[in-house]
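Colleague: Return atomic coordinates for the entry below.
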Amino acid sequence: MRFRMTEEDEPRLGITPLIDIVFLLLIFFMLTSHFHIASGLPIRLPKAGQKVFDREGEKATLVIDRLGRLYMEGKRLDLKALSPKLKNLVKKKGLVHLLLEADKEVKHGRVVQVMDVAKSAGVPSLIITAQWDPEKAF
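Modeller: Below you'll find the predicted structure:
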C-alpha cells in the first residue's frame with residue numbers, strides 16, 4: 001500500500017505586518033523627538049547644571065561668536081544695526097523671548113552691551129543659553 005505524502009506549507013512570517021510595524025515606529029520616533037535648530041556657527045556654549053527655559057512662545061536667536069561678532073537669522077550685523085532689528089521684531093511679532101547664544105570665550109562686556117541694546121529695544125525677555133550638563137545637575 002502506497003501512502004501519498006501531502007506537502008504542507010511551511011509556516012512563514014508575512015512581510016506586510018513587519019513593514020507596518022516599522023512605519024509605526026518611524027512615525028512614533030518622528031513625533032516624539034526634539035530637533036535642535038543650530039545657528040550654523042561654531043560656538044562653544046558654557047556648561048550649566050540646571051535647565052531653566054522650557055516655555056513656549058515667540059523666539060529669536062542672537063549669536064555672538066568668540067570674536068564678538070553678532071549674527072541674527074544667519075546674517076551678520078553690527079551693534080548699531082541690532083537695535084532697529086530688535087525693535088522691528090518686537091513691533092511685528094510681539095517678541096517674547098530673545099535667546100542669546102554667546103561663545104564661552106566672548107568677553108563679558110560684549111554680552112552686557114548686547115543685553116543693554118536688547119532691553120532698550122523693548123525686548124521683554126532675554127535668555128542666555130548654555131549647554132546643559134546632566135552630570136553637574138546632581
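Colleague: could you pull out the strands for the protein?
Modeller: Listed in chain order, the strands of the chain (DSSP state E) span 47-48, 59-64, 70-72, 75-77, 97-102, 126-128, 131-132.
Colleague: Which one of those strands lies nearest to residue 119?
Modeller: Nearest of the strands of the chain to residue 119, taken as C-beta to C-beta: strand 126-128 at 7.0 Å. C-beta: built from backbone N, CA, C; applies to glycine.
Colleague: got the strands of the chain as TSV, with distance to residue 84 columns?
Modeller: Below are these laid out as TSV (distance: least, C-beta to C-beta, whole Å):
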stretch	distance to residue 84
strand 47-48	31
strand 59-64	14
strand 70-72	12
strand 75-77	10
strand 97-102	15
strand 126-128	17
strand 131-132	31
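Colleague: closest to residue 27 out of these?
Modeller: When those are compared by C-beta to C-beta, strand 59-64 sits nearest residue 27, at 26.7 Å.
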